[in-house]
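J.: Next comes the sequence, and after it the predicted model I'd like to discuss.
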Amino acid sequence: MNQDFLLALEAIEKEKGIKKDTLFEAIEAALISAYKRNFNSAHNVKVNISRDTGEIGVFSCLQVVDKVLNPQQEILLEEARKKDPHYELGDIVEHEVTPKNFGRIAAQTAKQVVIQRIREAERDLIYEEYVDREEDIVTGLVQRFEQKNAIINLGKTEAILAVSEQIPGESYKQGDRIKTYILEVKKTTKGPQILVSRTHPGFLKRLFELEVPEIFNGVVEIKSISREPGNRSKVAVYSRNKDVDPVGACVGPKGFRVQSIVNELKGEKIDIIEWSDEPELFVARSLSPAKTLKVEIKPENKTAMAVVPDYQLSLAIGKEGQNVRLAAKLSGWKIDIISESRYHEQFEHQKEQKESEPINDNTDTGIVQMMDGDHELEDEQNA
């Protein structure tokens, strides 16, 4: 091993961040295996590489004993003291056994080790870089498709955008530049595996942070998000500063900020709602754009009954129950919706006894019951 090789190791240390001592130790370990394999040796050996000159030495290691049972691993005390009178039982006697043609094997082995370590170091650096960016947005180019999964080129590495994480109805072409949300970074033998998403609620949150300085600076806070990707989302926001309108900050001048997010999500509609710690008010706002006349809360089973004008019943429910379903996810309350007329007819005089009972009369009444935003619409047609 010559000076050029030592200079190469120094360059690798500077460029790749791999310590030169780490490379020396890895090469020495590999040379031990190479020596045993090429010279059929069963001896305990060690390899030393001079950090200054690059010279390689192979040494057999024999333990000093008073009775030799294994000549390939042990040496008598008397024999050891012929080499050095200071040896004691248990000491290790090193004897150089470097073969004459070992330099060629050493050079080849060192090259393989260095290449392998560089690859491992690069993988580790990429992993460390992206594992710290979990739950963050990255921009990349659509490179290819594997079983409908899109492979995104992030520059130093690739990410996988699975079919389940793609916005329904959205299509990608090779070379498209897209933003994605890092779900998870896994460490594998082939390098880091990065899983990304465009459907996760966190993706929408990060987009708002990019577009709305007040959110990025912490003046406005996103309290909750409910989302049906590609269709509609609801975002509840709150301002720590009473002089700042959280909804207006997110909408932006002439709606520019929210429109940028809508464009990124290919037309997904976004309802921005002001959060409140009063459940009645928050549930009412969650049903926006529908107008709510009254909300009755039942904390014991965390349900809310919302009364809406007759003409807004369908709007409150939404297409296929979407609006009330998103409102329930956003607020965290189970929401029952009833029209104003039916509320006065059937519930005004029986309110006390009905508070602890489920609403069962849903035949031709204009009543809709949504549980956790996931149950089916029971009578939307009457709206």
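T.: Thanks, I have it.
J.: so where do the strands sit in the stretch 201-350 of the chain?
T.: 220-228, 232-239, 269-274, 294-298, 303-308, 334-339 (DSSP state E, counting those that start in this stretch).
J.: Please render those strands as a markdown table that adds mean neighbour count, mean pLDDT and distance to P99 to the earlier fields.
T.: Backbone N, C-alpha and C define where each C-beta goes, glycine included. A markdown table is the format used below for the strands of the stretch 201-350 of the chain (neighbours: other Cβ atoms under 10 Å; pLDDT from 0 to 100; distance: least, Cβ to Cβ, whole Å):
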| stretch | mean neighbour count | mean pLDDT | distance to P99 |
| --- | --- | --- | --- |
| strand 220-228 | 20 | 96 | 68 |
| strand 232-239 | 21 | 96 | 71 |
| strand 269-274 | 19 | 95 | 73 |
| strand 294-298 | 16 | 92 | 86 |
| strand 303-308 | 24 | 93 | 83 |
| strand 334-339 | 24 | 93 | 80 |
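J.: JSON lines for those strands, including distance to N149?
T.: Shown next, in JSON lines, are the strands of the stretch 201-350 of the chain (distance: least, Cβ to Cβ, whole Å):
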{"stretch": "strand 220-228", "distance to N149": "21"}
{"stretch": "strand 232-239", "distance to N149": "24"}
{"stretch": "strand 269-274", "distance to N149": "27"}
{"stretch": "strand 294-298", "distance to N149": "44"}
{"stretch": "strand 303-308", "distance to N149": "40"}
{"stretch": "strand 334-339", "distance to N149": "36"}
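J.: State the distance from the spatially closest residue to Y343 that is not a sequence neighbour to P192.
T.: Distances taken as Cβ to Cβ, 6 or more residues apart in numbering place V307 nearest to Y343, at 4.8 Å, with adjacent residues excluded. Separation of V307 from P192 (Cβ to Cβ, to the nearest Å) stands at 53 Å.
J.: go on, L161?
T.: 16 Å.
J.: ok, those two, which is more surrounded?
T.: Per other Cβ atoms under 10 Å, whichever of L161 and P192 has more neighbours is L161, with 26 against 21.
J.: Mean pLDDT per helix and strand in this protein: which one sits at the bottom?
T.: Across the helices and strands of the chain, mean confidence by mean pLDDT, DSSP states H and E is lowest for strand 367-370: a mean of 44.
J.: quick one: which of the strands of the stretch 201-350 of the chain is nearest Q116?
T.: With Cβ to Cβ as the criterion, Q116 lies closest to strand 220-228 of the strands of the stretch 201-350 of the chain, at 44.2 Å.
J.: ok, back up a step: which stretch among the strands of the stretch 201-350 of the chain comes nearest S60?
T.: Closest among the strands of the stretch 201-350 of the chain, using Cβ to Cβ: strand 220-228, at 67.5 Å.
J.: partners of that closest one in the sheet?
T.: strand 232-239 (antiparallel) (DSSP bridges).
J.: between the partner strand and strand 269-274, how big is the angle?
T.: On the basis of axes from the mean of the first three to the mean of the last three Cα atoms, to 10 degrees, strand 232-239 is oriented at 20 degrees to strand 269-274.
J.: Distance-wise, check the residue nearest to Y343 relative to E320.
T.: Noted for V307: a distance of 22 Å to E320, by Cβ to Cβ.
J.: what residues go with each domain of this protein?
T.: According to automatic domain parsing, the chain is divided into the following domains: 3-130, 134-197, 200-275, 280-383.
J.: which strands and helices sit next to the longest helix anywhere in the chain?
T.: Longest helix in the chain, counting residues (DSSP state H): helix 102-131. The contact analysis (3 or more Cβ pairs under 8 Å, 6 or more residues apart in numbering; DSSP states H and E) places helix 102-131 against helix 3-16, helix 20-39, strand 56-65, strand 177-188, strand 191-197.
J.: what sits against S164?
T.: T199 (Cβ atoms under 8 Å, 6 or more residues apart in numbering).
J.: Over to R206?
T.: Taking Cβ under 8 Å, 6+ apart, one finds E135, D136, I137, Y181 in contact with R206.
J.: what about the last one, distance to K156?
T.: If you measure Y181 against K156 using Cβ to Cβ, the figure is 18 Å.
J.: of these two, who's got more company?
T.: Y181 (24 against 11).
J.: partner residues bridging that one?
T.: Assigned bridge partners for Y181, using DSSP bridges, are I137, S197.
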